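In: 3D, please:
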Amino acid sequence: MTATTELDDAPFEVARRIADAVLFEGYVLYPYRASAAKNRLRWQFGVLVPPAWEEIGGEHSWQRTELLMEPRAGARLTVELRFLHAVRRTVQELRPDGSTPTVASLELPDRVLVPWDEGAEERVRLSFPVAELLGDGVTVPFNRPAATETELVSADGQPVGRLIRRRERVEGAVRLTAVELPGPYPVVRLTAEVANSSDWEPSASPADREAALPRSLVAAHLLLGLDGGSFLSMTDPPQWAAGAVAECRNLRTWPVLAGADGRADVVLSSPIILEDHPAIAPESPGGFYDATEIDEILALRTSALTDREKREARGTDDRAGAVIDLADSLPAEVMERLHGAVRALREVTGPTAAPPADDTPWWDPGGDRSVDPDRDRVLIDGRQIGAGSRVVLRPGRRRTDAQDLFLQGRTALVEAVLHDVDGTVHLAVTVEGDPGADLWREQGRFLYFQPDEVAPAPAPEEVR
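Out: Residues are numbered from 1 along each chain as shown. Coordinates of the predicted model:
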C-alpha cells in the first residue's frame, strides 16, 4: 500500500494561516534577539523528542489525535504532518591569516550575527482511501537526512565570515487507523498517531535538551481533510455523538474544525487548544510569533528598540528581522486599526433609541436614552437593586481580581447600574466603611461587580 504524496492544497487553504501561527508560536519573542533570556529556552509546544530523551527529560516522543468523521462511500483522507526541524547555526570569522575560528558574534554594518537554532519547515504528506484505514490501518515511516550547509558572509563586498548550518537526522512515523462505530448514524473513529522513532542516544552526562532538539519534531501538528463527507466537532458535537466523542483520547494535541465557516471537511489537530474555525484577526499586519500578546503593544515596543538591538535582531533570524522591518514601516492607519475592533453587533429589536441631542460619544451612558445608570434597577434575590441600595459582596472566583476576594462579605452601596455593549449588567459600588469612599465617588471611580456576585443587604431591623 502506497501513499499519495502529490496532494491538492485547496482543502487546506483556509486552515493554513492558523496552522502557520501554531507552527511558529513562540519561535522568537520580543525583543527578537538571541541574547534575550526568553529566547534562550525555546519551543515549548508540540515538541516530540527522541525516545531516549523522553526517558530522561520528561518530554514526550509521540502524540495522539482521535476524532469522529462521517465519510461518504469512496472518501479519501488527506493528512499533512507539519513540524519544524531545528537547524543549528554557528558563526565563524574569516581572519587575514585564513583561519576561521568559531565566534560568539560577528559584527556587520546592518546586523550582528550570533549562534542560533533556525527552524526549517518540514511536511509529510499522505492520502489514503478511508476504507484502507479500517482494521490494522497503515503506518508510514519518514526521515529527514543529516546535512551541513555553509554560507559565506560578506561586508562591503569582502568576505568576513561564514555561517555553518548543521541538520541532524530526524526519523518518525505516522500511524492511521479507523474503526466503524455502532449508532443511529454511520460514523468512523479515526486515530492518528505521530511518533519520533530516532535511535539517537545522548552521549553527554548529564544529558542536554539542546542536544535532543535538532533530532526532534518541533511544533508538530496535523492537517486532516476529507474529499467526501465531514468531521464532527470535538468541542460541540451533535447530541447523538456526544458519548462517542467523550470516549476519544487526544494526548498532547486537540482537533478542531478549521476549514471555511459552515464546512466540516478540514481539521487542524494542534498542540495548542483552539476553538472550532479559529481565524487570524484581519487587522493583524503580520506575524509577531506571540499570540498571547497584543499586536499593537508588540509593534510599539519593537519600533522603540535601539539601533543596536535591531541590528542584533536582524542577525538573529530572518523572521526576527522581518518583524523589525514590519514594526518600523507600519503606517498610521494600520496602527489605528490595531487599537481595537468590534467583532460582532447585537441585533436591535424594538423601538429605536433616540439619538443623543449633542455630540456625546457612543460609549458614554448619556448617549443611549434607553438606559439610565441612576434610575435603572436589577432584580436580585427577589429585590429590586439600584443606585442607593445596600448589597453584600460575594465575589466570584472566575471573573474576579485576587484583591476582590478580600471583600467577601463586606457591605457596599450601589452607585449606578451600568450596561455594556454586550448587554452585561455591572453594579458600580463603594465599600461601606472605606475612608476614601467620598473621594472615589467625586472622581467617579468605583468597584464593579455583576449581579450574581452580590446579594441584597438585610435592612437594619433585620440585623440581629
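In: what's the residue most central in space within the chain sitting at in phi/psi?
Out: For the chain, Ala291 is the residue whose C-alpha lies nearest the centre (C-alpha atoms, centre = their mean; 5.0 Å). Comment: the main-chain dihedrals of Ala291 come out as phi -70, psi -10, following degrees, to the nearest 10.
In: repeat that for the one 5 residues further on.
Out: Its backbone dihedrals place Glu296 at phi -60, psi -40, with angles given as degrees, to the nearest 10.
In: what's the separation between it and Ala313?
Out: Glu296 is 19 Å from Ala313, where distance means C-beta to C-beta, to the nearest Å. Glycine gets a C-beta too; all of them are placed from N, C-alpha and C.
In: more neighbours: the two, which one.
Out: Taking other C-beta atoms under 10 Å, Glu296 and Ala313 do not tie; Ala313 has more neighbours (29 against 17).
In: where does the stretch 351-464 of the chain have low pLDDT?
Out: Scanning the stretch 351-464 of the chain with the threshold set as pLDDT under 70 gives 351-370, 397-402, 460-464.
In: show me the strands in it, by range?
Out: In the stretch 351-464 of the chain, the segments counted as strands under DSSP state E, counting those that start in this stretch are 377-380, 383-386, 390-393, 411-419, 425-431, 447-449, 454-456.
In: switch those strands over to a markdown table; also include distance to Asp307 and mean neighbour count.
Out: Conversion of these to a markdown table gives the following (distance: least, C-beta to C-beta, whole Å; neighbours: other C-beta atoms under 10 Å):
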| stretch | distance to Asp307 | mean neighbour count |
| --- | --- | --- |
| strand 377-380 | 56 | 14 |
| strand 383-386 | 58 | 16 |
| strand 390-393 | 52 | 20 |
| strand 411-419 | 47 | 20 |
| strand 425-431 | 46 | 20 |
| strand 447-449 | 44 | 19 |
| strand 454-456 | 54 | 18 |
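In: dump those to TSV, plus distance to Leu330.
Out: Output for the strands of the stretch 351-464 of the chain, formatted as TSV (distance: least, C-beta to C-beta, whole Å):
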stretch	distance to Leu330
strand 377-380	43
strand 383-386	46
strand 390-393	44
strand 411-419	35
strand 425-431	35
strand 447-449	34
strand 454-456	44
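In: can you show me the strands along the stretch 51-200 of the chain?
Out: In the stretch 51-200 of the chain, the strands defined using DSSP E, counting those that start in this stretch lie at 62-71, 76-93, 102-103, 106-107, 112-113, 116-129, 138-144, 147-155, 158-167, 170-181, 187-196.
In: between the ones you listed, which gets nearest to Ala428?
Out: Distances from Ala428 to each of the strands of the stretch 51-200 of the chain were compared using C-beta to C-beta; the minimum, 46.0 Å, belongs to strand 62-71.
In: what's the angle between the closest one and strand 187-196?
Out: Interaxial angle, strand 62-71 versus strand 187-196 (axes from the mean of the first three to the mean of the last three C-alpha atoms, to 10 degrees): 160 degrees.
In: average pLDDT across strand 62-71?
Out: Throughout strand 62-71, pLDDT has a mean value of 96.
In: alpha carbons of it, in CSV - could you do that?
Out: The C-alpha coordinates for strand 62-71 follow below in CSV (Å, rounded to 0.1, in the frame of the first residue of the first chain):
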residue,chain,number,x,y,z
TRP,A,62,4.6,10.9,20.4
GLN,A,63,1.2,12.5,20.2
ARG,A,64,-2.3,11.0,19.5
THR,A,65,-5.3,12.5,17.7
GLU,A,66,-8.7,10.8,17.9
LEU,A,67,-11.9,12.2,16.3
LEU,A,68,-15.1,11.2,14.6
MET,A,69,-15.9,11.5,10.9
GLU,A,70,-18.8,10.7,8.6
PRO,A,71,-17.1,9.7,5.3
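In: who does that strand touch, helix- and strand-wise?
Out: Contact partners of strand 62-71 among helices and strands, from 3 or more C-beta pairs under 8 Å, 6 or more residues apart in numbering; DSSP states H and E: strand 187-196, strand 218-226, strand 229-231, strand 266-270.
In: just these: most buried one?
Out: Each of these was assessed for mean neighbour count using mean count of other C-beta atoms under 10 Å. The highest is strand 266-270, with a mean of 27.
In: the residue nearest to the centre of the chain against Phe24, yeah?
Out: No - assessed by C-beta atoms under 8 Å, Ala291 is found out of contact with Phe24, at 9.8 Å.
In: now Leu48: how far from Asp420?
Out: Leu48 sits 44 Å away from Asp420 when distances are taken as C-beta to C-beta.
In: of the two, who's got more company?
Out: Taking other C-beta under 10 Å, Leu48 and Asp420 do not tie; Leu48 has more neighbours (26 against 9).
In: closest to Ala260 out of the helices and strands packed on strand 62-71?
Out: That would be, of those and by C-beta to C-beta, strand 266-270, which comes in at 8.2 Å.
In: that closest one - which strands sit beside it in the sheet, and in what orientation?
Out: Based on DSSP bridges, the strands next to strand 266-270 in the sheet, each with its direction, are strand 218-226 (antiparallel), strand 254-257 (antiparallel).
In: who's in contact with Glu283?
Out: With C-beta atoms under 8 Å, 6 or more residues apart in numbering as the criterion, the residues that contact Glu283 are 295, 334, 337-338, 341.
In: coming back round to it: could you save the helices and strands packed on strand 62-71 as CSV and add columns showing distance to Pro237 and mean pLDDT?
Out: Supplementary listing: those in CSV, determined by distance: least, C-beta to C-beta, whole Å; pLDDT from 0 to 100:
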stretch, distance to Pro237, mean pLDDT
strand 187-196, 10, 97
strand 218-226, 16, 96
strand 229-231, 10, 94
strand 266-270, 13, 96
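In: adding distance to Arg319, write those out as JSON lines.
Out: Rendered in JSON lines, the data for the helices and strands packed on strand 62-71 read as follows (distance: least, C-beta to C-beta, whole Å):
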{"stretch": "strand 187-196", "distance to Arg319": "24"}
{"stretch": "strand 218-226", "distance to Arg319": "14"}
{"stretch": "strand 229-231", "distance to Arg319": "32"}
{"stretch": "strand 266-270", "distance to Arg319": "20"}
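In: which stretch among those comes nearest Arg76?
Out: Set against Arg76 and scored by C-beta to C-beta, the helices and strands packed on strand 62-71 come closest in strand 218-226, at 7.5 Å.
In: how far does that closest one sit from the chain's center?
Out: The chain centre lies 15 Å from the centre of strand 218-226; the measure is C-alpha atoms, centre = their mean, to the nearest Å.
In: how about the CA coordinates for it, as CSV?
Out: Backbone C-alpha positions of strand 218-226 (Å, rounded to 0.1, in the frame of the first residue of the first chain) are rendered in CSV as follows:
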residue,chain,number,x,y,z
VAL,A,218,9.1,20.8,16.9
ALA,A,219,5.6,22.2,17.0
ALA,A,220,4.3,19.0,15.4
HIS,A,221,0.6,19.2,14.2
LEU,A,222,-1.7,17.6,11.7
LEU,A,223,-4.0,18.9,9.0
LEU,A,224,-6.7,16.4,8.1
GLY,A,225,-9.0,16.6,5.1
LEU,A,226,-11.9,14.6,3.7
